[in-house]
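In: Task: produce atomic coordinates for the following.
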Amino acid sequence: MAPLITFEEAMELGELTDHEEIGELVERAWEVRKGKFGDSTDMCSLVNAKSGGCAEDCGFCAQSRYAEADTPMHAMMEPEQILEHAKAAEAAGAHRFCMVTQGQGLSKRDFSKILEGAKLVAEQTNLKRCASVGHISPDRAAQLAEAGIQRVHHNVETARSYYDEVTTTVKYEGRMRTIDAVRQAGLETCVGGILNLGESPRQRVEMAFELSEINPTSVPINLLNPRTGTKFGDRDLMDPWDVIKWIAIFRLIIPDALFRLCGGRVENLHELQPLAVKAGLNGVMMGNFLTTLGAEPADDRRMFTDLGLNVARQPDNGANPRPDNRDGWLEGDAPKTPIDDLIDSQEEADMWDPSTQLRVIAKKGKVPAYPRSARKEVA
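Out: Numbering: from 1, shown residues only. Here you go, the predicted model:
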């Protein structure tokens, strides 16, 4: 579906500062969200399957070898470890599970572990399966599909006109080739970006319209959580009302996409997270993020149910996959899993323990300076 507002209208809405006027914008976005998706939700959780020591220079990321920030560091998880995290995510109420790795791509050995992990998750949980494994070829995309992956995440991060300020080692054109490969394999696309990297309001609107042209199934919105020692580590957090305004604007520009709010939502929004849901979200990233801790899953579920939205587990599994929930609810009950009784209690779901899932480790040795072309002054 085409955007519901023009570029010029989006720019005008981006100038709103009055809370009452932003509230009216939220109501408009809420009607669009309900009209497209009814009461359905799409709650996701991820595992940082390979963390730290990334060779790229993305200015927001603590995993970059150019960042002086401490970060969780571990080699590629074994397939059985990936499955354990998936079961914990299912116990916490997630609908889908994403296997995430750092870097532009994976070795043959590490990629095979993702494939085996995906097969285990498809066989032993009712979760929908996603992967975020850097650049991939059409052949690798086809292998992911065969292993049971239904959706592949690969962000553009920011507007094309601002992209070189964010990274110089990961090329925009490479990202687009990966998105094309995902489509060729018949997989769904999950493509979004990060707000508050120093981009202008116009560049935020540019990114939204560029995403509209890509037409992804899912759009994850991240909010910069400034990490000391990264290129953007000295930036202030966004004003919560500004965040809510931009979520609503993005919803009006990309009305058909499944929207979820991911990294930085706790730090930037605080008690206004429920209003952000009303601004057009289908779901959030539950539990931990890549290098920071998230919110209590029960609190996340409550944000949606308080608005009359349905967060019940969906009757999908590896034998009867439905990649997204645009067409309503399938009939019948979801297949029983061994952890069905844990969904309403984090205390009982002892696998879901953020304090043990993220062990932050200081980088060893001298951290190189960011490449010169990536060290322009950021306003």
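In: Give the burial count for the residue nearest to residue 196 when sequence neighbours are not counted, as a bare number.
Out: In space, and not counting its chain neighbours, residue 196 is closest to residue 224: 4.0 Å by Cβ to Cβ, 6 or more residues apart in numbering. Bear in mind the C-beta positions are built from the backbone N, C-alpha and C, glycine included. By other Cβ atoms under 10 Å, 23 other residues sit near residue 224.
In: and what of residue 137?
Out: For residue 137, using other Cβ under 10 Å, the count is 14.
In: from here on, count from 306
Out: Let's use 306 as the start, then, which means that last one is residue 442.
In: In terms of pLDDT, where does it sit?
Out: Residue-level confidence at residue 442 comes out at 94, pLDDT.
In: If we ignore the residues flanking it in sequence, what's nearest it?
Out: Residue 442 sits nearest to residue 486 (Cβ to Cβ, 6+ apart), 5.9 Å away.
In: contacting residues around residue 350?
Out: 394, 397, 399, 401-403, 590-592 (Cβ atoms under 8 Å, 6 or more residues apart in numbering).
In: What strand or helix carries the nearest residue to residue 367 once chain neighbours are set aside?
Out: Distance criterion Cβ to Cβ, 6+ apart; nearest residue to residue 367, sequence neighbours excluded, is residue 374 at 3.8 Å. Element membership for residue 374, per DSSP states H and E: none, as it lies in no helix or strand.
In: hang on, residue 374 packs against residue 531?
Out: No - with contact defined as Cβ atoms under 8 Å, residue 374 does not reach residue 531; the gap is 9.9 Å.
In: Give me the common contacts of the two.
Out: Common neighbours of residue 374 and residue 531 (Cβ under 8 Å, 6+ apart) are residue 538.
In: quick one: secondary structure of the residue nearest to residue 611 when sequence neighbours are not counted?
Out: Spatial nearest neighbour of residue 611, chain neighbours left out: residue 579 (6.5 Å); criterion: Cβ to Cβ, 6+ apart. Following DSSP: H, G, I helix; E, B strand; the rest coil, the label given to residue 579 is helix.
In: show me what contacts residue 579?
Out: If you count contacts by Cβ under 8 Å, 6+ apart, then residue 579 has 608, 611-612 around it.
In: How about residue 391?
Out: Per Cβ under 8 Å, 6+ apart, neighbours of residue 391: 352, 402, 425-426, 429-430, 432.
In: Which strand or helix spans it?
Out: Using DSSP H and E, residue 391 falls in helix 384-396.
In: in that helix, what counts as buried?
Out: 384, 387-388, 390-396 (16 or more other Cβ atoms under 10 Å).
In: Next, count neighbours for the residue nearest to residue 442.
Out: 21.
In: Pull the contacting residues for it.
Out: Residue 486 touches 441-443, 445-446, counting by Cβ under 8 Å, 6+ apart.
In: Same check on residue 519?
Out: Contacts of residue 519 (Cβ under 8 Å, 6+ apart): 461, 484, 494, 496.
In: in terms of contact, does the third one touch residue 459 like I think?
Out: To tie it back to what came earlier, the one meant is residue 494. Yes - judged on Cβ under 8 Å, residue 494 makes contact with residue 459 at a distance of 7.4 Å.
In: Read off the pLDDT value for the residue nearest to residue 498 when sequence neighbours are not counted.
Out: Spatial nearest neighbour of residue 498, excluding adjacent residues (Cβ to Cβ, 6+ apart): residue 462 at 4.8 Å. Note on residue 462: pLDDT of 95.
In: same deal with residue 664?
Out: pLDDT, read off for residue 664, is 49.
In: same question, the one 10 residues further on
Out: Per-residue confidence for residue 674 comes out at a pLDDT of 79.
In: helix, strand or coil for it?
Out: Classified using three-state DSSP, residue 674 is coil.
In: Then residue 405?
Out: Applying three-state DSSP: residue 405 is strand.
In: Report the contact partners of it.
Out: Contacts of residue 405 by Cβ under 8 Å, 6+ apart are 351-354, 436-438, 458, 595.
In: is it true that residue 373 touches residue 672?
Out: Yes - in this structure residue 373 lies within contact range of residue 672 using Cβ under 8 Å: 4.8 Å.
In: Now list whatever residues contact both of these two.
Out: Joint contacts of residue 373 and residue 672 (Cβ under 8 Å, 6+ apart) are residue 534.
In: ok so, going back, make a PyMOL selection of the buried ones in the contacts of residue 486.
Out: Buried subset of those, written as a PyMOL selection, criterion 16+ other Cβ under 10 Å:
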select buried, resi 441+445+446
